[in-house]
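Q: below are the sequence and a predicted model; questions follow.
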Amino acid sequence: MEAPAEAPTSSDRAAHPKNCTDSFNTFLQAVALGGIAAGVRAVWDAAVAAPEWEGPPVWLHGDLHPADVVVSDGTLSGVIDFGDMFADDPAWDLATAWVLLPPGTASRFFDAYAHADGATIRRAGGLAALKSLFLVLMGQNGERGPSGYSRTMIVLSTNGCTDVSHGRAGRRGHHGGSRCRRR
């Protein structure tokens with residue numbers, strides 16, 4: 001939904017993925033990904049190369065991840081924590097297609113959604129990878145000390161990555177809570 005001109009913006013979550021590269025690199029180095037690191041890097045590189053959002057700013061939750069949704073009997077029944085709500089590029093919330101949906105269903109989501117072009121899907125895929133790395137780090141921190149996030153976050157965050165370099169969604173990946181430079 002298009003946001004009004006007076007809608008708030010975010011100083012760190014609405015940037016184009018290219019402005020989040022420092023966070024991505026830091027997270028990628030901190031998480032031992034083994035054989036999938038090159039795939040995660042390819043998803044990120046495709047997001048960085050994608051054109052910026054040229055449409056009007058849209059309302060965004062801004063921080064959709066597994067801890068901010070309510071699921072009943074396997075069905076999404078609510079979204080909580082709207083403290084980061086702002087207006088900008090829909091890719092920030094569309095990244096949740098890989099964060100929350102079962103593996104292999106993101107492409108069906110984007111086919112049904114039908115409002116995201118290839119560039120938006122590539123940006124969303126990179127942001128999903130960024131969030132995945134961040135969630136893994138939070139989960140690891142939860143194992144080593146107080147964090148508020150449990151082992152569940154690690155499981156949710158390690159279901160692979162997505163090759164969205166051709167504009168179509170594939171396997172599950174994630175976006176990251178990070179500090180990005182505003183464009």
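A: In hand now; what should we look at? Residues are numbered from 1 along each chain as shown.
Q: looking at this protein, which helix or strand does the model trust least?
A: Confidence across the helices and strands of the chain bottoms out at helix 151-157, with a mean of 37, counting by mean pLDDT, DSSP states H and E.
Q: pull the longest helix from the chain.
A: The single longest helix within the chain, with elements called by DSSP state H, is helix 118-144.
Q: and that helix, what does it pack against?
A: Judged by 3 or more CB pairs under 8 Å, 6 or more residues apart in numbering; DSSP states H and E, helix 118-144 is in contact with helix 21-30, helix 37-49, helix 91-94, helix 96-99, helix 151-157. To be clear about C-beta, it is placed using only N, CA and C from the backbone, and glycine gets the same treatment.
Q: only the buried residues of the helix or strand just after the fourth one, if you could.
A: Read that as helix 96-99. Helices and strands here follow DSSP states H and E; after helix 96-99, the next one along the chain is helix 106-113. Across helix 106-113, burial judged by 16 or more other CB atoms under 10 Å covers Ala106, Ser107, Phe109, Phe110.
Q: of all those residues, which comes closest to Ala30?
A: Ala106 (25.0 Å; CB to CB).
Q: how close does that closest one sit to Ile121?
A: 9 Å (CB to CB, to the nearest Å).
Q: now Val99
A: Val99 is 14 Å from Ile121, by CB to CB.
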